[in-house]
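[1] Structure here, sequence nowhere to be found:
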């Protein structure tokens with residue numbers, strides 16, 4: 001009995017000791033995945049692609065300063081949560097140069113492409129001169145969109161189409177980045193799937209200049225474009241609805257607290273450093289038509305977009321233009337957009353050609369508090385109170401009040417703007433001048 005009692009007591013003590021140890025083991029933090037370091041000489045990985053191929057979920061690839069001539073592909077969910085970051089002091093320290101970059105003997109299409117990867121992070125790098133796009137993240141369709149991404153502190157310039165490009169993705173962020181000299185737009189979020197419980201994307205604190213479009217988003221949804229600068233583009237910010245991409249129309253977006261100015265860049269002029277990738281939105285009377293040059297904000301066939309609290313000035317055509325597809329795309333209708341509380345002109349000294357343009361189609365588009373006396377594109381068949389109703393409104397003017405075809409957007413080549421002034425030698429110079 002005595003031995004049994006001692007043995008029982010010993011077992012109880014061991015049980016108590018084990019109980020005390022278990023929480024300590026459970027609380028131990030898992031080791032962080034080892035970083036894959038890339039450099040030109042002396043590292044295990046001398047190309048970004050080789051590090052990507054060796055990596056897996058949640059890994060971090062750190063790129064030391066240097067010039068890398070390659071096109072990088074990150075493919076599949078095995079790379080979910082991957083971070084690719086330059087570790088130089090500035091984005092320019094890690095430079096992806098597409099001029100002679102090749103993939104399997106062909107020109108590299110993108111600096112970095114994320115294909116069906118969730119929560120991919122691209123940070124602190126610069127790229128230029130790729131055959132298609134700079135930084136590109138995409139899903140595959142409505143059933144398999146990508147979920148989450150971060151593009152931060154990136155520079156994307158002189159690509160054939162887009163600088164920073166996201167397609168068929170749900171939720172993500174482009175921030176503190178610069179896009180310039182691109183044949184379509186500096187920033188693009190498009191083909192956004194419909195969502196019952198929308199996850200919004202953010203384009204914030206970014207700069208776009210000398211692109212065909214500063215921001216473009218075909219059929220983009222649930223996007224907030226805030227606290228950015230869009231200047232010296234052909235047009236500043238242009239969400240749009242087109243049948244060429246899935247999930248029409250472009251709906252539910254916010255453009256707020258931006259500076260949108262001097263978007264008069266005529267990329268059709270001889271010697272322009274930028275050539276449009278677009279063959280035109282459509283053909284009108286045998287002439288290829290494209291977005292009008294000289295507009296700050298273009299709402300092309302959008303529904304329920306809000307343009308508010310922006311400073312919009314020095315755009316030679318319009319400050320804000322809202323219109324439907326002139327070729328009667330039934331999904332591209334100017335419906336329910338709200339243009340409110342914007343400051344037009346820079347203290348009355350740097351005016352837009354016309355502050356507001358509304359083509360009179362659709363219903364529910366309204367205007368309020370856009371300066372004391374904003375200038376309006378008018379119609380000989382309807383008063384401005386009909387074309388520019390005060391918010392809120394659900395009404396739409398009848399078709400007979402629409403602006404005449406001669407004053408509608410997308411002018412032919414002969415109607416393009418004259419040579420515009422060039423804005424600022426750099427994004428930094430523009431920020432110094434216009435962002436106190």
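    Right, received. Where do you want to start? Keep in mind that what you see is a predicted model, and the values were worked out from it rather than measured. Residues are numbered from 1 along each chain as shown.
[2] contacts, neighbours, all on C-alpha from now
    Fine.
[3] and residue 54, what are its phi and psi?
    phi -90, psi -10 (degrees, to the nearest 10).
[4] Double-check that residue 49 belongs to a strand.
    No - counting by DSSP: H, G, I helix; E, B strand; the rest coil, one finds residue 49 to be helix, located in no strand.
[5] list the contacts for it?
    Going by Cα atoms under 8 Å, 6 or more residues apart in numbering, residue 49 touches 70-73.
[6] What is the neighbour count of residue 277?
    Using other Cα atoms under 10 Å, residue 277 has 16 other residues around it.
[7] and it, helix, strand or coil?
    coil.
[8] If you drop the residues flanking it in sequence, what lies closest to it?
    Of all residues not flanking residue 277 in the chain, residue 183 sits nearest, at 5.0 Å (Cα to Cα, 6 or more residues apart in numbering).
[9] Does the one you found touch residue 164 like I think?
    No - using Cα atoms under 8 Å, residue 183 is not in contact with residue 164; the gap is 12.0 Å.
[10] related to what we said a few turns ago, helix/strand/coil for the residue nearest to residue 277?
    Residue 183 - assigned by three-state DSSP - is coil.
[11] contacting residues for it?
    By Cα under 8 Å, 6+ apart, the neighbours of residue 183 are 158-162, 211-212, 274-278.
[12] And the pLDDT for it?
    Listed pLDDT for residue 183 reads 96.
[13] One more: residue 382?
    81.
[14] what do you get for residue 34?
    The score at residue 34 is 74. That number is its pLDDT.
[15] Between the contacts of residue 49, which sits nearest residue 149?
    In terms of Cα to Cα, no member of the contacts of residue 49 lies closer to residue 149 than residue 73, at 15.3 Å.
[16] Show me the beta-bridge partners of that closest one.
    residue 113 (DSSP bridges).
[17] I'd assumed residue 343 was in contact with residue 312.
    Yes - with contact defined as Cα under 8 Å, residue 312 reaches residue 343; the gap is 6.1 Å.
[18] who's more crowded, those two?
    residue 312 (31 against 22).
[19] quick one: secondary structure of the more buried one?
    strand.
[20] Neighbours of residue 272, how many?
    Counted with other Cα under 10 Å, residue 272 comes out at 11.
[21] Helix or strand: which one has the nearest residue to it once chain neighbours are set aside?
    Spatial nearest neighbour of residue 272, chain neighbours left out: residue 266 (7.8 Å); criterion: Cα to Cα, 6+ apart. Assigned by DSSP states H and E, residue 266 belongs to neither a helix nor a strand.
[22] At which residues are the strands of the stretch 251-400 of the chain located?
    In the stretch 251-400 of the chain, the strands defined using DSSP state E, counting those that start in this stretch lie at 251-256, 259-261, 282-284, 287-289, 295-300, 303-308, 311-313, 318-323, 338-340, 343-344, 354-358, 366-368.
[23] Report all helices and strands that the fifth one contacts.
    Helices and strands touching strand 295-300, as assessed by 3 or more Cα pairs under 8 Å, 6 or more residues apart in numbering; DSSP states H and E, comprise strand 235-240, strand 259-261, strand 318-323.
[24] okay, those strands in CSV with mean pLDDT next?
    Shown next, in CSV, are the helices and strands packed on strand 295-300 (pLDDT from 0 to 100):
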stretch, mean pLDDT
strand 235-240, 96
strand 259-261, 98
strand 318-323, 96
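[25] List the residues that contact residue 132.
    109-110, 159-162 are the contacts of residue 132 under Cα under 8 Å, 6+ apart.
[26] same check, this time on residue 192
    So residue 192 contacts 167-170, 219-221, 246-247 (Cα under 8 Å, 6+ apart).
[27] How about residue 79?
    With contact taken as Cα under 8 Å, 6+ apart, residue 79 is in contact with 55-59, 117-118, 120.
[28] Can you flag which of the residues you listed belong to strands?
    Residues of the contacts of residue 79 located in strands (DSSP state E): residue 120.
[29] and which of the contacts of residue 79 is nearest residue 35?
    Among the contacts of residue 79, residue 59 lies closest to residue 35 (Cα to Cα), at 6.6 Å.
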